[in-house]
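**Q** A structural model of the following input is requested.
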Amino acid sequence: MNDIKLELRLVGNISGYFFIADYQRGYRWKEEVEMLLNDISEIEEGKNYCLQPIVVKKIDDKFELIDGQQRLTTLYLIQKFTKTYRPKIQVKYSISYETRANSKSYLENLDFDSLNEDFHNIDEYFITEAAKIIKHWFEKFNNTDETRYSNDDDAANDIQTKLNSKVHVIWYEVDSTENSTQLFTRLNIGKIPLTNAELVKALFLSRNNGLNDQKQLEIASQWDIIEKELRNDNFWCFITNEKAAKYPTRIELVFDLMAGKQISDRERFRTFFYFSNKVKGESNKADVWQEILRYYQKLKGWYENFEVYHKVGYLIATQAITLERLLHESANKTKSAFQQSLDKKIAQSINYNKDYSELSYKHDGFLIEKLLLLFNVETIRQKHDVFMRFPFERHKKEKWSLEHIHAQHSEGLNKKEAIKEWLVNHKQSLESLHDPTSTPLIQRCDDLLRQLDDPNDKSNTGEIFAPIFAEVISKLSENGEHEEIHSLDNMALLSSSDNSTLSNSTFDVKRNKIIAMDKTIDYVPVCTRRVFLKYYTDSDKNQLHFWGEADRKAYIKNMNEVLKKYLEINQKEIDL
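**A** Model (predicted):
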């Protein structure tokens, strides 16, 4: 068991003798001092404010301060300054540094009226500088039009009142047998601070918390199982768009969801406060843990349900609704009612204010991308193959873009190597046509390739390439058509690439490239793969080298069939 004492403690109630061992550096805060004062002064009426944990170990009649010395020293200096205005104020604790014999005396005898430059060591310098910042912060209210306080006396009274009644620290007292140096290293050198998850864990697995050993062992075992299951990246990417790196302990996401913590929340320990208050309000901590288990089991149940997995996964991936909101709304619904509500939310997510035929790559890229993602997800869901699921982890780990199925522009083709690769690929497509009229154009491609390989050739490559590009595009387009097409029927989802030769390639070249990608570990969405395999086009209308009108119509027809349920809810249809 973790023999930990954990509680919220008002700054005004911190008492005792703290010493800072020699494995720590000395006091070094500067700009952080003013930031702390600003934060305290801006606490709203009826709100509380909590600082990061103070980690201590009790040794005889004193505390070894393992983490939090910068905060605790600054709070000491602030209270010492406010005492000059309110002499009855008691600073109930003292601090000393093991490496500085007179540090305790220096702090206690610090005179804010005569902050001299007579330093004996670097710690005294930083402590004095912090004292100057504190003094200046309070005294500025006498000389400015600041509206927070009428003068420094008013400011001192407000700050001390808040320290006594609103500002808390998380008091984290470890067992006396804990290795202080190793813990300090983990919290500081290793850059792994105490997290909400660790603090919540301590609520259930600390000493004297009201749970017997058997129950604590059970909770510890269940905790480990949940953590292990959440390390399945597909599960993780199903329930959240957050990067896993943000959650060293992944169960913390479950706690954040339960606590309703928002991404923009400035209160770092909002989740811990939620569970700390919840535990206090319950007569049995085991009941709180059971609530956590039920919450998690619902998430796992959704993940394991083939239908719900795809529908909820899509809604979360497109940020159509938060998982927290979905969980709340599902609480009082039957399974069928919940499924119907998901269908309505999905339909709403693609209920745009314009016809689908009006969507343009240049202006509506996000809307097209969302529609194509749903097309891919639904294509897999409707196959009803439980061994084939849409891979949300691949979708979220890669950067996606809209790819023109058949491109007709040369943007980005301004480097010799890129032009060479484009010419080689398209020359192969021209040759595969077996059309004698293409021979002169193939020869011009060869001539330009030789020029590009000649280091002494000073020709204007761009001027020579431009007409070749236009003719190749015309030759490899249906009926020689070379009009730019930015509409939905010419768009597919593909992982972003810096390879401009692919983005500027005709259908046939892209087809060969994407087939090659599909043979490797590269992930190609199912509908994108089907597009380039001409899956949607009837064989009697199939022409391998082009993406033409018949292909576009077949593509949109299948999109309508797959998305029929949602389009009917919206009373819409996808047209060319």
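
**Q** Could you give the number of residues near the closest residue to residue 97 other than its chain neighbours?
**A** In this structure, residue 97 finds its nearest non-sequential neighbour in residue 103, 4.1 Å apart by CB to CB, 6 or more residues apart in numbering. In short, each C-beta sits where N, CA and C put it, glycine included. By other CB atoms under 10 Å, 24 other residues sit near residue 103.

**Q** likewise residue 172?
**A** Using other CB under 10 Å, residue 172 has 24 other residues around it.

**Q** That one should be in a strand, yeah?
**A** Yes. Using DSSP: H, G, I helix; E, B strand; the rest coil, the secondary structure at residue 172 is a strand.

**Q** what's the spacing between it and residue 117?
**A** 37 Å (CB to CB, to the nearest Å).

**Q** Residue 196 and residue 256 touch, don't they?
**A** Yes. Residue 196 is in contact with residue 256 according to CB atoms under 8 Å; the separation is 7.3 Å.

**Q** Quick check: neighbours shared by those two?
**A** Residues touching both residue 196 and residue 256 (CB atoms under 8 Å, 6 or more residues apart in numbering): residue 271.

**Q** sec struct for the residue nearest the centre of the chain, please.
**A** Nearest to the mean C-alpha position of the chain, counting by CA atoms, centre = their mean, stands residue 242 at 3.4 Å. Taking three-state DSSP as the rule, one finds residue 242 in the coil state.

**Q** ok, now residue 494?
**A** strand.

**Q** What residues are bridge-paired with it?
**A** residue 401 (DSSP bridges).

**Q** So it sits against residue 529, correct?
**A** No. The pair residue 494 and residue 529 does not pass the contact test of CB under 8 Å, sitting 10.0 Å apart.

**Q** Looking at the two, which has the bigger crowd around it?
**A** For residue 494 and residue 529, the more surrounded residue by other CB under 10 Å is residue 494, and the numbers stand at 27 against 17.

**Q** Now do that one against residue 382, distance only.
**A** Taking CB to CB, one finds residue 494 at 22 Å from residue 382.

**Q** secondary structure element for residue 58?
**A** strand 54-59 (DSSP states H and E).

**Q** continuing past that strand, what's the next helix or strand?
**A** strand 62-67.

**Q** and that next one, what does it pack onto?
**A** strand 16-20, strand 54-59, helix 180-184 (3 or more CB pairs under 8 Å, 6 or more residues apart in numbering; DSSP states H and E).

**Q** Could you pull out the buried residues of the longest one?
**A** Translated: strand 54-59. Under the neighbour-count criterion of 16 or more other CB atoms under 10 Å, strand 54-59 has 54-57 buried.

**Q** again, but for the first one
**A** By neighbour count, and taking 16+ other CB under 10 Å as the criterion, the buried residues in strand 16-20 are 18-20.

**Q** ok, so of these, who is nearest residue 329?
**A** Checking those against residue 329 by CB to CB gives residue 18 as the nearest, at 48.6 Å.

**Q** Now that closest one: closest residue in space that isn't a chain neighbour?
**A** Nearest residue to residue 18, sequence neighbours excluded (CB to CB, 6+ apart): residue 65, at 4.5 Å.

**Q** now residue 135
**A** The shortest distance from residue 135 to any residue other than its chain neighbours is 5.3 Å, reached at residue 112 (CB to CB, 6+ apart).

**Q** what's the answer for residue 70, then?
**A** In space, residue 70 is closest to residue 29, 4.9 Å off (CB to CB, 6+ apart).

**Q** hmm, back to that, can I get the strand holding residue 58 in PDB, CA atoms only?
**A** Coordinates of each C-alpha in strand 54-59 appear next as PDB, following Å, rounded to 0.1, in the frame of the first residue of the first chain:
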ATOM      1  CA  ILE A  54       3.800  20.300  -1.600                       C
ATOM      2  CA  VAL A  55       5.500  17.000  -1.100                       C
ATOM      3  CA  VAL A  56       7.000  16.400   2.300                       C
ATOM      4  CA  LYS A  57       8.300  13.600   4.500                       C
ATOM      5  CA  LYS A  58       8.000  13.700   8.300                       C
ATOM      6  CA  ILE A  59      11.300  13.200  10.100                       C
END
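
**Q** mind listing the strands for the stretch 101-250 of the chain?
**A** Using DSSP state E, counting those that start in this stretch, the strands of the stretch 101-250 of the chain run over residues 167-174.

**Q** where does it have low pLDDT?
**A** 145, 189-193, 207-208 (pLDDT under 70).

**Q** First residue to last residue on stretch 424-438, what's the distance there?
**A** Using CA to CA, to the nearest Å, the end-to-end distance of stretch 424-438 comes out at 15 Å.
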